[in-house]
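# could you work out the structure for the sequence below:
(chains A and B)
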Amino acid sequence: MSDWSKVTRPIPVPNEWTKPFWDAAKRGSLELQRCQSCGHFQHPPYATCLQCMGIDLKFEPVLGAGAIYAYTIMYHTGDKRFASAVPYASIVVELDDAPGALMAGNLLGAEYTEAKVGRRVEVTFEKLNDDITLPQFRLAV
Amino acid sequence: MWDNRCKIAVSGVGYSKVSRIADMPLAAHALIAVKEAVADSGLAMSDIDGLATYPELPATGHAEVDGISVVSVNCMMAMLKLPNLTWHIQVGTTNIGGAVQQAVNALLAGVCKYAVVWRAMHNPRGTYQNLPGAYASGATQFTAPYGFGGPGQGMAVAYTRWLEKNHQTRDKMATLAVTQRKHTQHNPHAYFYGTPLSREDYFASRMVAYPFCLFDCDIPVQGAVAIVLTTAERARDLKPTPAYIAGYGQRLHFEVAGRIGSLSSYMEGGSSSAKLTWERSGFSPKDVDVAQIYDGFSASVIYGLESYGFCKEGEALDFIQDGRIELDGELPLNTFGGSLGTGRIHGLWHIIEGALQASGRAGSRQVKDANVSFVGASAPIVTGTTFIFVREPY
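Numbers count the residues shown, from 1 in each chain, chains lettered A, B, ... in the order given. The predicted model follows:
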């Protein structure tokens, strides 16, 4: 299993579009940006709705259950901060609640060989520091 | 069809020597390539009155120093001191293909007579992708914390999506790497000229970002290439046989930064660009005699072949088998070796080869009776452009 204990992850820097996402993650909740006009969820957050050109966007909770849309297994140790976890699975997840919104993550608590397109996953949270908690994914139980 | 088809042509081409290390400043590479392209046309430098490039750093996170890591239009102006310069531009919404297209437009508008386009690529010391530091801001806040570093992983996720959705395996990609390396042996300017690659080499190579092994990735190099474009009438008076531009297109789809892995975005990017090219030229994929499709990572060729319409979605890895992409095959592909063979110089070399094949100047790798020559320059998703060159104006 990939050893994440020695990995120093870059710390996300929230901005005016993304702050509610990180505030929710800190509370242990996954919230995605949703257009209040057409109901479309999108991720990463954007200035306007990319579906209907709406400008009224709010963050709403989603269940955090979904499927692996795509993945890669990283073997290259060019970034030394991640070297101890190699090989590791970086995955892209499509949530049931938010089709089309693609979220990146790692597959935690499982062998990297478990990463397969379509495999069911659920959100989990990894605290990086007092300000930032990272939404992550594990295989669905 | 486009009224302006075949009114502009590529004439001369030029190269610097590609190398792994920065043996001389990048500006010197660019200057060598431009001088050679102008000489290949039989022109004097003072004839050049238009300049265009796309001076983006190929690797992320390094300092942009003009003349060292990029070669801007300003840098080229300073070096050439062109007495008759009338027009120049740097593009941003497309890769180098957009600079070529802007040169076509400028020539059509009559604001210059002989335009030079170059692409110079720097190979920085140390790690090619200098990844975000302790903090990840902007779009990287949603990718970098998960170890998504360079573009390789971004491409790799779409590739696993493609493979597993279509019940395919990466083994079939060996044919692309091996065939392109075979083509490379006909291109003395290429980095891997003189270095063949076997199927065994491909399967034995180390994994970088699954499904990409080492030979699915183009090798970072320092080097530059350049072309001269002019009007068809003027091109006919120059030394090389002209390669007429029958049509071009650019991607009309945009994927927001930080949203990675979307296979449909690659497809929409490629098909929107190709559609314009087919409509403007009046040709369709079945008319194409030879194709150059951007291959910074091998999977780009899949997205290109499918989104441009050479085969159906999910079929590209079967399409490239059984000799189809050999020099005497049904669709000779990346006949100069592609970026996998030349080293990472982005799309201008694909454009050069498309022009050389159309003008019958491709030497020992010349495809017999090539008239319709297609180019997909740069990955379809973000920066894609497409071209058709022809030998016979129509």
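# A:Asn15 - how many residues pack around it?
Around A:Asn15 there are 12 other residues, counting by other CB atoms under 10 Å in any protein chain shown. To be clear about C-beta, it is placed using only N, CA and C from the backbone, and glycine gets the same treatment.
# next up, the contacts around it.
B:137-138, B:141 (CB atoms under 8 Å, 6 or more residues apart in numbering or on different chains).
# considering only those residues, which also neighbour chain A?
B:137-138, B:141 (CB under 8 Å from any CB of the partner chain).
# from the residues you listed, which would you call buried?
B:137, B:141 (16 or more other CB atoms under 10 Å in any protein chain shown).
# between the ones next to chain A among the contacts of A:Asn15, which sits nearest B:Val301?
Proximity of the ones next to chain A among the contacts of A:Asn15 to B:Val301 (CB to CB) peaks at B:Gly138, which lies at 29.8 Å.
# sketch out the strands for the chain, chain order is fine.
Going with chain A. Counting by DSSP state E, chain A has strands at residues A:11-12, A:31-35, A:41-42, A:57-61, A:65-74, A:88-95, A:102-108, A:120-127, A:133-139.
# my question was about chain B, not that one.
Per DSSP E, chain B carries strands over the ranges B:8-15, B:50-53, B:87-90, B:114-121, B:135-136, B:207-210, B:212-213, B:223-231, B:243-250, B:290-293, B:372-377, B:385-390.
# just how off-centre is the first one within its chain?
The offset between the C-alpha centroid of strand B:8-15 and the centroid of the whole chain comes to 15 Å, using CA atoms, centre = their mean, to the nearest Å.
# what pairs with that strand, parallel or antiparallel?
strand B:223-231 (antiparallel), strand B:243-250 (antiparallel) (DSSP bridges).
# lowest average confidence across the strands of chain B, which one?
For those, mean pLDDT drops lowest on strand B:135-136, to a mean of 90.
# elements contacting that one?
For strand B:135-136, the elements it packs on are strand A:11-12, judged by 3 or more CB pairs under 8 Å, 6 or more residues apart in numbering or on different chains; DSSP states H and E.
# turn the ones next to chain A among the contacts of A:Asn15 into JSON lines, including pLDDT.
As requested, the ones next to chain A among the contacts of A:Asn15 are exported to JSON lines (pLDDT from 0 to 100):
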{"residue": "B:Ser137", "pLDDT": "89"}
{"residue": "B:Gly138", "pLDDT": "89"}
{"residue": "B:Gln141", "pLDDT": "94"}
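# restricted to helices, list the ones next to chain A among the contacts of A:Asn15.
Members of the ones next to chain A among the contacts of A:Asn15 lying in helices (criterion: DSSP state H): none.
# nearest to B:Pro240 among the ones next to chain A among the contacts of A:Asn15?
Nearest member of the ones next to chain A among the contacts of A:Asn15 to B:Pro240, counting by CB to CB, is B:Gly138, at 44.7 Å.
# just checking, that closest one touches B:Ala257?
Yes: at 7.3 Å, B:Gly138 and B:Ala257 qualify as touching, with contact defined as CB atoms under 8 Å.
# so which bits of stretch B:43-50 are buried?
B:43, B:47-50.
# closest to A:Leu108 among those?
Looking across those and measuring by CB to CB, the closest to A:Leu108 is B:Gly50, at 54.6 Å.
# ok, that closest one to chain A distance?
36 Å (CB to the nearest CB, to the nearest Å).
# again, but for B:Gly258
Taking CB to the nearest CB, one finds B:Gly258 at 4 Å from chain A.
# got it, and B:Gly384?
From B:Gly384 over to chain A (counting by CB to the nearest CB), the distance is 20 Å.
# the nearest residue to that residue once chain neighbours are set aside: neighbouring residues, count only.
Take B:Gly384 and drop its neighbours on the chain: the residue closest to it by CB to CB, 6 or more residues apart in numbering or on different chains is B:Arg251, 4.0 Å away. By the measure other CB under 10 Å, the count of residues near B:Arg251 is 31.
# with A:Asp3 instead?
10.
# about what we covered before: in JSON lines, list the strands paired with strand B:8-15 along with mean neighbour count.
Compiled in JSON lines, the strands paired with strand B:8-15 are given as follows (neighbours: other CB atoms under 10 Å in any protein chain shown):
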{"stretch": "strand B:223-231", "mean neighbour count": "27"}
{"stretch": "strand B:243-250", "mean neighbour count": "26"}
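# of all these, which lies closest to B:Ile351?
That would be strand B:223-231 among the strands paired with strand B:8-15, by CB to CB, at 6.8 Å.
# rewinding a little: could the strands of chain A go into JSON lines alongside distance to B:Asp218 and mean neighbour count?
Listed next are those as JSON lines, based on distance: least, CB to CB, whole Å; neighbours: other CB atoms under 10 Å in any protein chain shown:
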{"stretch": "strand A:11-12", "distance to B:Asp218": "31", "mean neighbour count": "22"}
{"stretch": "strand A:31-35", "distance to B:Asp218": "36", "mean neighbour count": "22"}
{"stretch": "strand A:41-42", "distance to B:Asp218": "33", "mean neighbour count": "20"}
{"stretch": "strand A:57-61", "distance to B:Asp218": "39", "mean neighbour count": "15"}
{"stretch": "strand A:65-74", "distance to B:Asp218": "18", "mean neighbour count": "24"}
{"stretch": "strand A:88-95", "distance to B:Asp218": "21", "mean neighbour count": "26"}
{"stretch": "strand A:102-108", "distance to B:Asp218": "24", "mean neighbour count": "26"}
{"stretch": "strand A:120-127", "distance to B:Asp218": "32", "mean neighbour count": "17"}
{"stretch": "strand A:133-139", "distance to B:Asp218": "31", "mean neighbour count": "21"}
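# related to what we said a few turns ago, go through the ones next to chain A among the contacts of A:Asn15 and name the one nearest B:Leu107.
B:Gly138 (37.4 Å).
# how about the contacts made by the residue most central in space within chain B?
Among the residues of chain B, B:Gly347 comes closest to the average C-alpha position under CA atoms, centre = their mean, at 1.4 Å. The contact partners of B:Gly347, taken as CB under 8 Å, 6+ apart, are B:95-97, B:119, B:294, B:375, B:377-378, B:385.
# I'd like the strands of chain A laid out as a markdown table, including mean pLDDT.
Formatted as a markdown table, those follow (pLDDT from 0 to 100):
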| stretch | mean pLDDT |
| --- | --- |
| strand A:11-12 | 96 |
| strand A:31-35 | 97 |
| strand A:41-42 | 94 |
| strand A:57-61 | 97 |
| strand A:65-74 | 96 |
| strand A:88-95 | 96 |
| strand A:102-108 | 96 |
| strand A:120-127 | 98 |
| strand A:133-139 | 98 |
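# any chance of those in JSON lines, with distance to chain B too?
Output for those, formatted as JSON lines (distance: least, CB to the nearest CB, whole Å):
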{"stretch": "strand A:11-12", "distance to chain B": "4"}
{"stretch": "strand A:31-35", "distance to chain B": "11"}
{"stretch": "strand A:41-42", "distance to chain B": "8"}
{"stretch": "strand A:57-61", "distance to chain B": "14"}
{"stretch": "strand A:65-74", "distance to chain B": "4"}
{"stretch": "strand A:88-95", "distance to chain B": "4"}
{"stretch": "strand A:102-108", "distance to chain B": "5"}
{"stretch": "strand A:120-127", "distance to chain B": "9"}
{"stretch": "strand A:133-139", "distance to chain B": "6"}
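# right, so of those strands, which gets closest to B:Asp289?
Each of the strands of chain A has some distance to B:Asp289 by CB to CB; the shortest is strand A:65-74, at 34.7 Å.
# re earlier: any chance of the strands paired with strand B:8-15 in JSON lines, with distance to A:Gln136 too?
Shown next, in JSON lines, are these (distance: least, CB to CB, whole Å):
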{"stretch": "strand B:223-231", "distance to A:Gln136": "41"}
{"stretch": "strand B:243-250", "distance to A:Gln136": "38"}
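# circling back to that earlier point, possible to save the strands of chain B as a markdown table with distance to A:Arg34?
Formatted as a markdown table, those follow (distance: least, CB to CB, whole Å):
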| stretch | distance to A:Arg34 |
| --- | --- |
| strand B:8-15 | 48 |
| strand B:50-53 | 42 |
| strand B:87-90 | 38 |
| strand B:114-121 | 42 |
| strand B:135-136 | 24 |
| strand B:207-210 | 32 |
| strand B:212-213 | 35 |
| strand B:223-231 | 47 |
| strand B:243-250 | 32 |
| strand B:290-293 | 38 |
| strand B:372-377 | 36 |
| strand B:385-390 | 35 |
